[in-house]
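> Let's see this in three dimensions:
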Amino acid sequence: SASALMGLRQAAADGGNLFITTAQGVQKSIDGGANYTSFNGSGAGALPNIDRLNSATFEAAGGFVYVATQDPAMSFQTSVYRSPATTANWTDVTPSGLTSFGPLISAGSNLCLLAQNNGVQFSNDDGDTWARATNTNGNFSFIGKSPDGASVYIAAGTLRRSTNQCAAFTQVAGNGLTPE
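All right, here's what the predicted structure looks like:
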């Protein structure tokens, strides 16, 4: 419905499912966006703090949906949650010891997450475990994929590329980019 699109922040698709984040939390469409239903869950599997979604940390891949929320009771600490794409049942999959995140993308079978001041975290098991990607110390402001999906790029003054689904990055030499 059109009301589901009020406050649209982000969209992600996986298979025949379209997911969006709005002021009302996560919404799901199974008919190409003609109709939406709430995908916030209930009870123990409910997505907490739906009014505090971190829209940059939102992805649908491999049969799961991922989103981050901020908890005002915990100094706005950010947590990452995962739900099966079939039914809303959210589980906390936050990388241990980290509290602030940027964009989350899928790269092949891995997830790649920008972690503020902690480089790029990657998971090869749908977010159950996370590790820091090689050569990603620091704080990066951009993450994106090549059009064919074979490479992932991160940037913060220099451009780095991963050709192994975010496990390691190398600096791209002579790229013509200069920091502002």
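
> From now on I want contacts and neighbour counts done on CA atoms only, so please keep to that.
Will do.

> Setting aside sequence neighbours, what's the nearest residue to the residue most central in space within the chain?
Centroid-nearest residue in the chain: residue 104, 2.6 Å away (criterion: CA atoms, centre = their mean). Using CA to CA, 6 or more residues apart in numbering and skipping the chain neighbours, the partner closest in space to residue 104 is residue 113 (4.4 Å).

> Who does the helix or strand hosting that neighbour pair with, and is each partner parallel or antiparallel?
Using DSSP states H and E, residue 113 sits within strand 110-115. The strands beside strand 110-115 in its sheet (DSSP bridges) come out as strand 101-107 (antiparallel), strand 120-123 (antiparallel).

> who's in contact with it?
With contacts defined as CA atoms under 8 Å, 6 or more residues apart in numbering, strand 110-115 is touched by 57, 98, 100-106, 120-127, 139-140, 143, 165-166.

> among the strands paired with strand 110-115, which gets the worst mean confidence?
When the strands paired with strand 110-115 are ranked by mean pLDDT, strand 101-107 comes last with a mean of 89.

> mind exporting it as CSV, just the C-alpha atoms?
Taking C-alpha atoms only, strand 101-107 is exported to CSV below (Å, rounded to 0.1, in the frame of the first residue of the first chain):
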residue,chain,number,x,y,z
PHE,A,101,28.1,0.5,12.2
GLY,A,102,27.8,1.9,8.7
PRO,A,103,26.6,0.2,5.5
LEU,A,104,26.2,-3.6,5.3
ILE,A,105,26.4,-5.3,1.9
SER,A,106,26.5,-8.9,0.6
ALA,A,107,29.5,-10.0,-1.5
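
> same for the helix or strand bottoming out on mean pLDDT in the chain, what does it pack against?
In the chain, no helix or strand scores lower on mean pLDDT, DSSP states H and E than strand 53-61, which sits at a mean of 86. With contacts taken as 3 or more CA pairs under 8 Å, 6 or more residues apart in numbering; DSSP states H and E, strand 53-61 sits against strand 10-14, strand 17-22, strand 64-71, strand 101-107.

> Report the inter-axis angle for it versus strand 101-107.
10 degrees (axes from the mean of the first three to the mean of the last three CA atoms, to 10 degrees).

> Walk me through which strands strand 53-61 pairs with, and which way each runs.
Neighbouring strands of strand 53-61 in its sheet, by DSSP bridges, are strand 64-71 (antiparallel).

> Would you check that residue 60 makes contact with residue 14?
Yes - Residue 60 lies in contact with residue 14 (CA atoms under 8 Å); the separation is 5.4 Å.

> Now for those two: what residues contact both?
In contact with both residue 60 and residue 14: residue 85, using CA under 8 Å, 6+ apart.
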